Structure formats: structure tokens, C-alpha cells
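Q: Got a predicted structure plus its sequence, pasted below:
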Amino acid sequence: MASPVTAASSPVPESTGVGLIDCDVHNVVPSDAALRPYLPAKWRSYAELVGSRTYSPYVKGYRYPKVSPAGGSRVDAWPSSGQLPGSDLDFMREQLLDQYGVDRAILNCLYRAAEQRNEEYGAALARAVNEWQIENWLERDSRLRASVTVAFETPDLAATEIERAAQHPGFVQVLLFPRTKEPLGRRRYWPLFEAAARCGLPVGIHFASTTVTPITSGGWPSYYIEDHTVMSMAFQAQLTSLIMEGVFDRFPDLKLVLIEGGFAWVPPLMWRLDDLYHRMRDEVPHLRRLPSEYVRDQVKITTQPMEEPENPRHLLDLIEQVGRQTLMFSTDYPHWDFDNPRRAFQVKLPKDLSELIMRENARSFYRL
Amino acid sequence: MTWRIDCDVHNAVPDISALFAYLPTRWSDYCVEHGVDSLAPNYYPPNMAFTAKPEARTGEAEPGSDAAVVGKQVLDEGEIDIAILNCLYAIQPIHNEDWAVAMARAVNDWQAAHWLEVDNRFRASIVVPTQSPERAAEEIHRAAENRGFVQVLLLAFSEMPLGRRCYWPIFQAAAENGLPVGVHPGIAGANPLLPTGWPSYCIEDYAAASGAMQSQLVSLVCEGAFQKYATLKVVMLESGVSWLPSLMWRLDKNWKGLRREIPWVNEPPSTVIRDHVRFTVAPFDGPERADEVLRLVDQMGSTELLLYASDYPHWHHRDAETSLLRHLSSEERAKVTGGNAAELYRLDADQVVR
């Protein structure tokens, strides 16, 4: 979201010759027809006979219409072809990669394979999305990397797809959404984490307004502004679950990336969890460390939507509290709340910190 | 004088039969015939440390169930002038609306007889059947005739977000009686405790309570409850408070981008929150370092938002004194330990018997 207040001078390093790394860019499947060539005949028939069935009451469209391509994209992100925002690589090059000197972009395709109630169809769609990504994105621009789409509610099938897709060097991450059927730390998801750790891929969790479980424990709110605001609670729930279930202990090589969930909540959650742990640790004797220590070592967080404290200087304090090696810059192109890399920070970052957040943290983390 | 007001003390129903004198025979018979022994909430396993402070475990009755013990431990030994009781006996998740209405009335009448009448330093929150907001409003009007009731109690794990219009009769009744509405963690609906389903551990439930409270605060602000009821005050009880600045930043930012969706919210959400919402400080789930605590208080905007509480009998790792109060000036301490609550609950100096 464009901020009405002061824009700091550019934190983008300009003299090194190496551009920034954007850790959250959305490539969009233009239509279901685009996936047909990558589906086996069995599932092409199924797609024609039945098609998509999720937890949504609508054939198409959303209960919070803002999340549709029309409602959720920058108005200037529609390519001249009329295709959906994020679906045209040439236009993405022009509007994002070239314009801002993006040296590497991590693509997070938000196609909802994992929401399919027919689990095997969902897994087939996920595989098709990954094949589509290879042919239409990874092999067409060397600046692009991508996340593996998986049917994460079917962890055994997801693990198979992770193993398969990981053989292509363009895939650098496994993509999940924050609104799962059960908290992600629970055992049913462990095959997925095991596969990701074995393949050396971090697991990213990206904002998504999905339909399976109410976004609040008090039920469904009326407005998108609520859904968006409290999405950070879903991220907190997942992080808490992964810590408390001992997933980070069990898979010490596992890395987690929290994408588009905010980061101002991180210090308060760490204070709260450490405080509770002192009183309730007997319930979770399998933990080997303080809750906050797992976050320091095994979690990265992307910056968009940028936090905007009332006192801009508090952003610097916040970054230090979260950890200067934890944050990785992201734009969320082409969505409505895109963060412009030259204007996102409301306070000027010291040069060394800027280099870490805009590039180095992501470069070393994803081995780019 | 310097007030000391404890804004979150939990009185427990010792046994369901204690309510029978306040129930129509139809419902006391119903409880007996159906083997309903207890509606105690399940989120505090009796033997876990956080469930009760060591001194509250007298070995005779359930912690918090004996008014004399609570009076001695909270009021006398704690040097507290007024304690506000928030009874968590779980009538809110009952599916049968008529039964829930009868149980809420019984709990309130039991509170009046066994607590408010016994020690005039106690005040209590009105337990309401949120299953029917209209009948909850009737119960508020009925119970509020006893001036010992100073608040309406709602639970955070609700059937629907509490700001939604269907709940507005409750806010209207509270506003008409000049009562703040307290929101406390607790199960009233049937939704999973997390936006990701049900967690495995108590420590996750407890951590999740702050998310539930934040979601309710967002709902109350975005639905326009505070524009509709300009005098309405909401108290977030046992919510933690360290999350407040981060939530206000996020909601203010989203309001700038999305306010066309909620045009009745005509000032930044952080302004609405600071004008209408207060927070108890047990637990104060903040940082350890003094400079970080003071920065957090600065980010909240004012110590006027904070209300002292012990959360008796629950036992936290740090109490309000060690985690927060020792870092404040004496003036700010006085506000947090009593002045803010005295103003909010309109308690007069001559009501204090100490």
C-alpha cells in the first residue's frame, strides 16, 4: 500500500552492480486451460466432468471479493494482452524486474491445488502447476526461481511431488498456505517436512484467504480488512504449533519462511511463548530450547506488507528485535499492497542493514 | 487516596448444586436427571501449575470457590480495595438456549448472594447467555439493578465475531446501564481455537488466546460498535498486552488502504482503541528489559490503557509487579493499580472500606 507519509531515500544498493532479491512475486496461471497440457488424460477428463470443488460455496469468486484478481491487483498490473495480472512474463519484466533492478525473484504461485476436496486431483493439479512453472517461467528468465506447489493437505502426495520437483534447480522452496485443516506442527504433516528437509528446500508459508477453517476462533468476520489484519494470527498459530510440536527439533535442517504475514508480531509472540514456557514446560518436555531460539535459527520472514509504526524510528528497533538476519525484502507484485523497494521503508536503513534485508539474507538463505 | 483495584479475579462455582437454589425446578431436575455434574471450563487442568497459585490450593475446595479464602488472599493479603470477579463457569457453550438463559441467571444470582453480599469489596461481571443476544440484554438489565455488578462478561472464542450486528443488543444494554463490556478468553462457540484448527497442547491454547482477543478487537472496531455506542468501553481481560502496538500498526495501515469497506470508521483504529478499550496486565507478556518495557508502553500510547489484575487464582511466571509496575513512575503506577479502573467502573472513594 502506498503510504501518505514521507518516503525515505532509496535503501536499494545501487553501486554494487548486484540488484535486489524480491522474495515474493506472484506468477499467475492465466486459466485452467493453461494447465491442461500438463495433466494426465484421466485428470483432464475429471476436470471436464467435475472441475474444481473446494470449501467455497461459489463456482468462481470469493466471499471476500477483494482477493479476486480484479480486486486484489494493482490497477496498473493488467497486461495489454488483457490476461490476468502476473500471468505475462514480458510485462512482469518490464514492470518489476527491469524497473527495479531485481536480480532474483522468488515466484510464489498461489494456485489453489491444496484446497481441492478431491485430494488426488489436487495433487495432479499441483504437479501440473510445477510443470507449467518450469516451461513458462523458470526456463524463460534466469532471474526467476520458484516455489513448489503441493497439495499440502495430502502430505504423502506432497512429499512425492517435493522429491520430484526438487530435481529442477529452479525450485528453491515448498509453498504452503497459513490456513491448514490442522496446525502444521501436527504429525500428519511430518512427511512433508521430512521431504523438504531431505531435499534441502525451505518451507514457505504465504498469506492466503482460504476457506477451510474460520480465520478467527470466533468465526468468520464480515470484512476483508479483518481477514487481512488477522491473517497474522494464522501465521502465529502455525509458528507456535511448529515449535511446540517439536518439528524444529525433529527436523533440525528444516527452514521456514513466513511470507506476507507481517513481522511486528514476532517480538510479542516470542515474549509470550518464552514466558509461558517457563510455567508450562512440563507439558512439552520434548522441546530442547526456548521457543524464541528456534525462530532465530530456523525461520526467515519477508518484509511486505512493511510494518509502519506510528513513530517511524521504531521500525529500526523492531528490525533489531526480530533479527537483522531474519528479514528478507519482498514486493508482493502484482498485488494491491505492493511494496515499492524505493519507498517501502519509512526510515532510512543503515547501509549494512539495507544490504542484508534487500539482498544478502535471501542470497545466502536460498543459495542464489 | 491511592486505590488498589484488581480487575480480574476468578470466582469458581464449587459444585453445580450450589446453583440449584437459583434455578427453576425444571432446570435443576434437568441437571440431575442428565447427570450434569459440572460446567467448569476445561482449559485449566487442575494439576498444571498455571491453573492455580500454590496458596490458592487449600486442599479443601476448588481454587477460587471459597469467598472467605479469596477475600483473605486477594483483598487482605494483596492489599486490594476492590476486586472484580469474572466467573468463567461455562454456560456460554451450551447448545440449548433456554437452559443457557436459566444457568446465566442462576450464576448471577449465586454471585450476588455468595460474593457481593458476603464482602462489599467484591464487584462482579454479569454472565450472559450469548446464545441469544436479546435474552442476554434482558439479563443485563435485570442483573444491573444490583450495583455490585459493574461489567458484562463475554468470551473470546465466540460463535461469531463479537462486533457483528447480531450482538449489538448486548452492547446497547451495557451502554444503557453504563457498564463496560469485558472480553475474556473462554469458549462460547464451536469454532476451532486456531485459524488452523485445534492445537495439541495447553500452552498452545494459552498462546492462542491473544490471537482470539486481537481478532475480537479488530471485529469490534471494524463493525463500528464504537461509533454506534459512543460511550461503550471494552476491557480486554487476561489478554496479554504486548501485542497491542503491532496490531494497531497493522490495522491502521490496512484502514488507510481499505477504509472504503468500513466507511463508518472515521478515524484511525488506533484512536478508536485508545478511546474505548482497556487492558488488564495479568499476564503482562512483555519483554524483560526495562528499556524495552518502557518503549512498549510508549508505543501503546499511555498507561491509561492499563488496568491492574492478579488473574487469581491462575499462576503466571511473572506478576504485574515484576513485569511492569516496577518500571513505571509512581504516578503511572497509581493509575494502573487503581486510578484507571476507578474511573472506568465509576467507583467512588466512599465505597472503599479499607
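A: That came in fine, so what should we check first?
Q: Look at residue 35 and give its secondary structure.
A: Picked chain A for this. helix (DSSP: H, G, I helix; E, B strand; the rest coil).
Q: ok, the residue nearest to it when sequence neighbours are not counted - contacts?
A: Of all residues not flanking residue A:35 in the chain, residue A:128 sits nearest, at 4.4 Å (CB to CB, 6 or more residues apart in numbering or on different chains). C-beta here means a position set from N, CA and C on the backbone, and glycine is covered the same way. Counting by CB atoms under 8 Å, 6 or more residues apart in numbering or on different chains, residue A:128 touches A:35, A:38-39, A:43.
Q: among these, which are in helices?
A: With helices defined by DSSP state H, the entries of the contacts of residue A:128 inside them are residue A:43.
Q: Any regions of the stretch 1-150 of chain B where pLDDT drops low?
A: B:1 (pLDDT under 70).
Q: ok, which residues in it are in contact with chain A?
A: B:48-50 (CB under 8 Å from any CB of the partner chain).
Q: for the record, mean pLDDT for the helix ranked longest in chain A?
A: Counting by DSSP H, the longest helix found in chain A is helix A:224-244. Average pLDDT, helix A:224-244: 97.
Q: Dump that helix to PDB, keeping only the CA atoms.
A: The C-alpha trace of helix A:224-244 is given here as PDB (Å, rounded to 0.1, in the frame of the first residue of the first chain):
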ATOM      1  CA  TYR A 224     -11.700  -8.300   4.000                       C
ATOM      2  CA  ILE A 225      -9.900  -5.700   6.200                       C
ATOM      3  CA  GLU A 226     -10.500  -8.100   9.100                       C
ATOM      4  CA  ASP A 227      -9.400 -11.100   7.200                       C
ATOM      5  CA  HIS A 228      -6.200  -9.400   6.100                       C
ATOM      6  CA  THR A 229      -5.500  -7.900   9.500                       C
ATOM      7  CA  VAL A 230      -6.000 -11.100  11.500                       C
ATOM      8  CA  MET A 231      -4.100 -13.300   8.900                       C
ATOM      9  CA  SER A 232      -1.100 -12.600  11.100                       C
ATOM     10  CA  MET A 233      -2.800 -14.700  13.800                       C
ATOM     11  CA  ALA A 234      -2.700 -17.700  11.500                       C
ATOM     12  CA  PHE A 235       1.000 -17.200  11.000                       C
ATOM     13  CA  GLN A 236       1.500 -17.000  14.700                       C
ATOM     14  CA  ALA A 237      -0.600 -20.100  15.200                       C
ATOM     15  CA  GLN A 238       1.500 -22.100  12.700                       C
ATOM     16  CA  LEU A 239       4.800 -20.900  14.100                       C
ATOM     17  CA  THR A 240       3.600 -21.800  17.600                       C
ATOM     18  CA  SER A 241       2.500 -25.200  16.500                       C
ATOM     19  CA  LEU A 242       5.700 -26.000  14.700                       C
ATOM     20  CA  ILE A 243       7.700 -25.000  17.800                       C
ATOM     21  CA  MET A 244       5.500 -26.800  20.400                       C
END
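Q: Name the next helix or strand following it along the chain.
A: helix A:247-250 (DSSP states H and E).
Q: so the strand or helix carrying residue B:221 versus helix A:224-244, what angle?
A: Using DSSP H and E, the element containing residue B:221 is helix B:202-222. Counting by axes from the mean of the first three to the mean of the last three CA atoms, to 10 degrees, helix B:202-222 points 170 degrees away from the direction of helix A:224-244.
Q: So helix B:202-222, near chain A or not?
A: Yes - Helix B:202-222 lies within reach of chain A by CB under 8 Å from any CB, at B:202-204, B:206-208, B:210-212, B:214-216, B:218-219, B:222.
Q: Just the buried residues from the residues you listed, in PyMOL please.
A: Paste this into PyMOL to select the buried members of these, with burial taken from 16 or more other CB atoms under 10 Å in any protein chain shown:
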select buried, chain B and resi 202+203+204+206+207+208+210+211+212+214+215+216+218+219+222
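Q: Closest to residue A:215 out of the residues of helix B:202-222 next to chain A?
A: residue B:215 (7.7 Å; CB to CB).
Q: Residue A:216 is in contact with the closest one, correct?
A: Yes - taking contacts as CB atoms under 8 Å, residue B:215 lies within contact range of residue A:216: 3.7 Å.
Q: Between those two, which contacts overlap?
A: Common neighbours of residue B:215 and residue A:216 (CB under 8 Å, 6+ apart) are A:226, A:230, A:233, B:161.
Q: from the residues you listed, which two are the most distant?
A: Largest separation among these by CB to CB: A:233 and B:161, giving 12.5 Å.
Q: Neighbour count for these two, which is higher?
A: residue A:233 (29 against 26; other CB atoms under 10 Å in any protein chain shown).
Q: Excluding chain neighbours, what is closest to the more buried one?
A: Closest to residue A:233 by CB to CB, 6+ apart is residue B:211, at 3.7 Å.
Q: Roughly how far does that neighbour sit from residue B:80?
A: Applying CB to CB, to the nearest Å, the value for residue B:211 to residue B:80 is 30 Å.
Q: before we move on, what about residue B:136?
A: With CB to CB as the criterion, residue B:136 and residue B:80 are 29 Å apart.
Q: same deal with residue B:205?
A: Taking CB to CB, one finds residue B:205 at 28 Å from residue B:80.
Q: Looking at the two, which has the bigger crowd around it?
A: Each of residue B:205 and residue B:80 has its neighbours counted (other CB under 10 Å); residue B:80 has more, 23 against 20.
Q: helix/strand/coil for the more buried one?
A: Following three-state DSSP, residue B:80 is assigned to coil.
Q: tell me the contacts of residue 235?
A: Defaulting to chain A. A:178, A:205, A:258, A:261-262, A:265.
Q: Chain B is the one I meant
A: B:7, B:151, B:180-183, B:277-280, B:307, B:344.
Q: Which of the residues in the lowest-mean-pLDDT helix or strand in chain A are classified as buried?
A: Least confident helix or strand of chain A, by mean pLDDT, DSSP states H and E, is helix A:69-72 with a mean of 88. Of the residues in helix A:69-72, A:69, A:72 count as buried by neighbour count, 16+ other CB under 10 Å.
Q: and it, how far out from the chain's middle?
A: How far helix A:69-72 lies from its chain's middle: 18 Å, per CA atoms, centre = their mean, to the nearest Å.
Q: same thing with stretch B:52-68?
A: 20 Å.
Q: How about stretch B:136-152?
A: 15 Å.
Q: Any chance you could list what contacts it?
A: B:84, B:86, B:101, B:104-105, B:108, B:111-112, B:116, B:122-126, B:128-130, B:169-170, B:172-174, B:176-177, B:179-182, B:235, B:345-347.
Q: Tell me who's in contact with residue 200.
A: With no chain named, the answer covers chain A. A:166, A:253.
Q: think we crossed wires, I meant chain B
A: So residue B:200 contacts A:183, A:185-186, A:241, A:244-245 (CB under 8 Å, 6+ apart).
Q: Flag every residue of the stretch 51-200 of chain A that's near chain B.
A: A:66, A:178-186.
Q: buried subset of those residues?
A: A:66, A:178-186.
Q: Quick one: those as a markdown table, columns for pLDDT, secondary structure and distance to residue A:311 too.
A: Formatted as a markdown table, those follow (pLDDT from 0 to 100; DSSP: H, G, I helix; E, B strand; the rest coil; distance: CB to CB, whole Å):
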| residue | pLDDT | secondary structure | distance to residue A:311 |
| --- | --- | --- | --- |
| A:66 | 91 | helix | 29 |
| A:178 | 96 | coil | 29 |
| A:179 | 93 | coil | 33 |
| A:180 | 95 | coil | 36 |
| A:181 | 94 | coil | 40 |
| A:182 | 96 | coil | 39 |
| A:183 | 97 | coil | 35 |
| A:184 | 98 | coil | 34 |
| A:185 | 98 | coil | 35 |
| A:186 | 98 | coil | 40 |
